[in-house]
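*Asks:* from the sequence below, what's the structure:
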Amino acid sequence: MTQNPEGAVPRAARAEGGNLPDLDTPAVRQARQDLAACFRMAARHGMEEGICNHFSALVPGSDDLFIVNPYGYAFRELSASTLLICDFDGNVIDGEGQPEATAFYIHARIHKRIPRARAAFHTHMPYATALSMTEGDPLIFAGQTALKFYGRTAVDRDYNGLALDEREGDRIAAAAGDADIIFMKNHAVMVLAPTIAEAWDDLYYLERAAEVQVLAMSTQRPVLPVSPAVAEATYRQMREGDADSARLHLASVRRILDAGEPDYAH
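*Replies:* Prediction:
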């Protein structure tokens with residue numbers, strides 16, 4: 001995948017000293033477990049691609065450390081304790097291994113340049129990625145689920161190959177603008193959110209919206225978008241309770257995993 005023979009960002013020396021936050025607080029443990037739950041459920045839904053997709057979240061109480069998956073593991077293998085904590089300079093502060101190179105250069109730059117993005121999820125999930133390969137704007141606001149994203153999407157139309165340096169990460173961050181959802185043409189999607197729960201909720205429903213759009217397009221009949229006025233009104237209705245709904249959605253995910261894959265939280 002990368003110029004590095006192991007496909008991972010070259011590991012810098014671990015940071016020593018400094019004012020690092022406590023990485024063993026209940027808030028940090030919950031963030032690790034929540035993120036691990038998202039990886040496991042994404043795997044169940046077929047949203048992963050090999051070992052090359054990545055989710056990240058800023059460490060609670062920190063604006064310059066982030067949790068991310070280590071290179072070499074499929075989503076279904078990950079648990080809270082296997083996740084890494086990295087800084088924006090490439091130092092692995094906690095955990096064994098290193099992030100995949102594109103994971104570091106995309107996520108570190110997004111978290112640094114877009115402070116509102118406390119969580120950033122990047123996948124090559126099939127239906128949304130398929131739409132990123134089509135002519136024109138990927139998402140048609142024709143179904144109710146799609147209206148959750150009305151006015152919240154951006155399209156990065158300049159595919160430049162793998163993100164192997166800070167310049168490409170900065171370019172992707174700039175392309176995001178104020179959007180929460182970035183369709184990366186010829187590549188995949190990126191979801192940005194203030195919480196892990198909201199990132200998961202958006203990722204899940206984005207793929208569902210893309211799936212039904214692909215099914216509708218497969219009929220070869222015209223796909224009819226909702227009028228802008230109704231789309232805007234419905235978007236506002238859906239967004240009113242979005243944060244609470246996302247929290248409940250992630251709690252449901254964790255209950256399902258607690259029953260069937262409890263090791264995600266270890």
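*Asks:* which parts of the stretch 1-150 of the chain are helices?
*Replies:* Using DSSP state H, counting those that start in this stretch, the helices of the stretch 1-150 of the chain run over residues 26-44, 101-113, 126-132.
*Asks:* show me what the last one is packed up against.
*Replies:* Taking 3 or more Cβ pairs under 8 Å, 6 or more residues apart in numbering; DSSP states H and E as the contact definition, the neighbouring helices and strands of helix 126-132 are strand 181-184, strand 188-193, helix 196-218. The way it works is simple: take the backbone N, C-alpha and C, and place the C-beta from them, glycine included.
*Asks:* and the next helix or strand past the longest one?
*Replies:* Going back to what we said before, that points to helix 196-218. Helices and strands here follow DSSP states H and E; after helix 196-218, the next one along the chain is helix 228-240.
*Asks:* hmm, back to that, among the helices and strands packed on helix 126-132, which comes closest to Gly90?
*Replies:* The stretch from these with the least distance to Gly90 (Cβ to Cβ) is strand 188-193; that distance is 20.2 Å.
*Asks:* given that closest one, what are its sheet partners and their directions?
*Replies:* Neighbouring strands of strand 188-193 in its sheet, by DSSP bridges, are strand 119-123 (antiparallel), strand 181-184 (antiparallel).
*Asks:* to His266, which of the helices and strands packed on helix 126-132 lies closest?
*Replies:* Here helix 196-218 is closest among the helices and strands packed on helix 126-132 (Cβ to Cβ), at 17.8 Å.
*Asks:* quick check: buried residues in the closest one?
*Replies:* 196-213, 216-217 (16 or more other Cβ atoms under 10 Å).
*Asks:* any idea which of the strands paired with strand 188-193 gets closest to Pro138?
*Replies:* Proximity to Pro138 (Cβ to Cβ) singles out strand 181-184 among these, at 4.5 Å.
*Asks:* report the distance from that closest one to the chain centre.
*Replies:* Here the centre of strand 181-184 is set off from its chain's centre by 10 Å, with Cα atoms, centre = their mean, to the nearest Å.
*Asks:* now stretch 39-58
*Replies:* 8 Å.
*Asks:* quick check: buried residues in it?
*Replies:* Using 16+ other Cβ under 10 Å, the residues of stretch 39-58 that count as buried are 39-43, 47-48, 51-58.
*Asks:* what does stretch 161-180 give?
*Replies:* The neighbour-count criterion (16+ other Cβ under 10 Å) identifies Ala163, Leu164, Glu168, Gly169, Asp170, Ile172, Ala173, Ala175, Ala176, Ala179, Asp180 as the buried residues of stretch 161-180.
*Asks:* among those, which are in strands?
*Replies:* Among these, the subset assigned to strands under DSSP state E is empty.
*Asks:* out of the residues you listed, who's nearest Arg152?
*Replies:* The shortest separation between Arg152 and any of the buried residues of stretch 161-180 is 4.6 Å, and it belongs to Asp180 (by Cβ to Cβ).
*Asks:* now that closest one. Nearest residue, chain neighbours left out?
*Replies:* Spatial nearest neighbour of Asp180, excluding adjacent residues (Cβ to Cβ, 6 or more residues apart in numbering): Arg152 at 4.6 Å.
*Asks:* next, the contact list for that neighbour, please.
*Replies:* Neighbour list for Arg152: Ala179, Asp180, Ile181, Tyr235 [criterion: Cβ atoms under 8 Å, 6 or more residues apart in numbering].
*Asks:* and the residues you listed, which is closest to Gln144?
*Replies:* Tyr235 (10.4 Å).
*Asks:* so the closest one touches Lys148, yeah?
*Replies:* Yes - contact between Tyr235 and Lys148 holds when scored by Cβ atoms under 8 Å: they sit 7.0 Å apart.
*Asks:* who's more crowded, those two?
*Replies:* Set Tyr235 next to Lys148 and count neighbours by other Cβ atoms under 10 Å: Lys148 wins out with 23 against 18.
*Asks:* can I assume the more buried one is in contact with Arg236?
*Replies:* No - here Lys148 lies out of contact with Arg236, judged by Cβ under 8 Å, at a distance of 10.9 Å.
*Asks:* quick one: the residue sitting furthest away from the middle of the chain from Leu215, how far?
*Replies:* Within the chain, the residue lying farthest from the chain centre (Cα atoms, centre = their mean) is Arg221, at 32.1 Å. Between Arg221 and Leu215 the distance, using Cβ to Cβ, to the nearest Å, works out to 11 Å.
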